[in-house]
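>>> coords please:
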Amino acid sequence: MIEFVLDGRSRVATYMQLVVQVKQALRVGLLRPGDQLPKVREVAQALAINPNTVLKAYRELVLEGLAEGKPGVGTFVTGDLAGPSLGNQARLRDELVAWLERAEAAGMSPDDIAALIETTLRGTAVPRNLA
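Predicted coordinates for the structure are as follows:
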């Protein structure tokens, strides 16, 4: 099951941070159609946010065709964003973890690493849709 984490420094709205995390989990195969999302009350309590914020995120996922709410039961994943690269992701993740360990050993902070990745992504010619 997905565990949400909020970035208090982010300019992205709280509900949208939840939406993005669900989409990321779908892309990497951590969530699959049929999986249940955490209960609204549980997420709200764990993150110390208003339950309406979680509801707004879940409604957005429903509108995008990625989830379906079942009254009295919960919200379930209905869509899939995992592409053909899913089979290669385990190996690539292992390589990324090794790279991150080298970056940390070289004295890079998490912010330094994020900046390097983001600027490198923007500077490459690889087409991408990072939503």
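>>> so what pLDDT did Arg128 get?
Model confidence at Arg128, given as pLDDT, is 56.
>>> Buried ones in the helix or strand hosting Arg59, by neighbour count?
According to DSSP states H and E, Arg59 maps onto helix 51-63. If you call a residue buried by 16 or more other C-beta atoms under 10 Å, then helix 51-63 has these buried ones: 53-61. Yep, even glycine has a C-beta here, placed from its N, CA and C like the rest.
>>> And the furthest pair within those?
Thr53 and Leu61 (13.3 Å; C-beta to C-beta).
>>> what sits up against the longest helix that the chain contains?
Longest helix of the chain, by residue count under DSSP state H: helix 89-105. By C-beta atoms under 8 Å, 6 or more residues apart in numbering, the list of residues contacting helix 89-105 from outside reads 28-29, 112-113, 116.
>>> now the strands for the protein?
Assigned by DSSP state E, the chain shows strands spanning 67-70, 74-77.
>>> CA atoms only for the last one, dumped as PDB, please.
It stands for strand 74-77. Provided in PDB are the C-alpha atoms of strand 74-77 (Å, rounded to 0.1, in the frame of the first residue of the first chain):
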ATOM      1  CA  GLY A  74     -13.100   2.800  -0.200                       C
ATOM      2  CA  THR A  75     -11.300   4.100  -3.200                       C
ATOM      3  CA  PHE A  76      -9.700   1.700  -5.700                       C
ATOM      4  CA  VAL A  77      -7.200   2.000  -8.500                       C
END
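>>> by contact count, what packs against it?
If contacts are counted by 3 or more C-beta pairs under 8 Å, 6 or more residues apart in numbering; DSSP states H and E, strand 74-77 sits against helix 51-63, strand 67-70.
>>> can you list those in CSV and add mean pLDDT?
What follows is the helices and strands packed on strand 74-77, written out as CSV (pLDDT from 0 to 100):
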stretch, mean pLDDT
helix 51-63, 97
strand 67-70, 96
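>>> okay if I get these as JSON lines plus distance to Asp35?
JSON lines is the format used below for the helices and strands packed on strand 74-77 (distance: least, C-beta to C-beta, whole Å):
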{"stretch": "helix 51-63", "distance to Asp35": "12"}
{"stretch": "strand 67-70", "distance to Asp35": "10"}
